[in-house]
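Student: No letters, just coordinates:
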């Protein structure tokens, strides 16, 4: 770049959403009813109820995202232990995932083992 060239830079301030864990949900609770409960405390950016991959049935917990810390804290304090669709819900700030990986582990299969008699190679057991 020569003299007289100007580089325009923009700093984008990343908006940090407050992620809230909601547990002990009824299987009948919908994203809409959960959003409605949290909307009483402020603006809700996103609601997701975790569902079983195969059946689509709720796994009994979900997450709500709010962009205002004060509103999120008010929602946590105001909703923890209250009834939502007939169940007393647990509401707290979501913790970041740890460990990584996909969970699960070995699903069976066989491993090669020797016969124990000094043979080379291995057999399938």
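Tutor: Noted; the coordinates are in hand. For clarity, every value in this text was computed on a predicted model and none was experimentally measured.
Student: When you work out contacts or count neighbours from here on, use the C-alpha atoms and nothing else.
Tutor: Fine.
Student: List of residues touching the lengthiest helix in the chain?
Tutor: The single longest helix within the chain, with elements called by DSSP state H, is helix 69-79. Residues outside helix 69-79 that contact it (C-alpha atoms under 8 Å, 6 or more residues apart in numbering): 18, 20, 38, 41-43, 66, 89-93.
Student: which stretches of this protein form strands?
Tutor: Residue ranges of the strands in the chain, as given by DSSP state E, are 18-23, 44-51, 58-66, 83-84, 87-88, 90-93, 112-113, 123-124.
Student: name the helices or strands packed onto the fifth one?
Tutor: It stands for strand 87-88. Judged by 3 or more C-alpha pairs under 8 Å, 6 or more residues apart in numbering; DSSP states H and E, strand 87-88 is in contact with no other helix or strand.
Student: contacting residues around it?
Tutor: Residues contacting strand 87-88 (C-alpha under 8 Å, 6+ apart): 24-26, 80-82.
Student: among the helices and strands of the protein, which has the poorest mean pLDDT?
Tutor: Least confident helix or strand of the chain, by mean pLDDT, DSSP states H and E, is strand 112-113 with a mean of 50.
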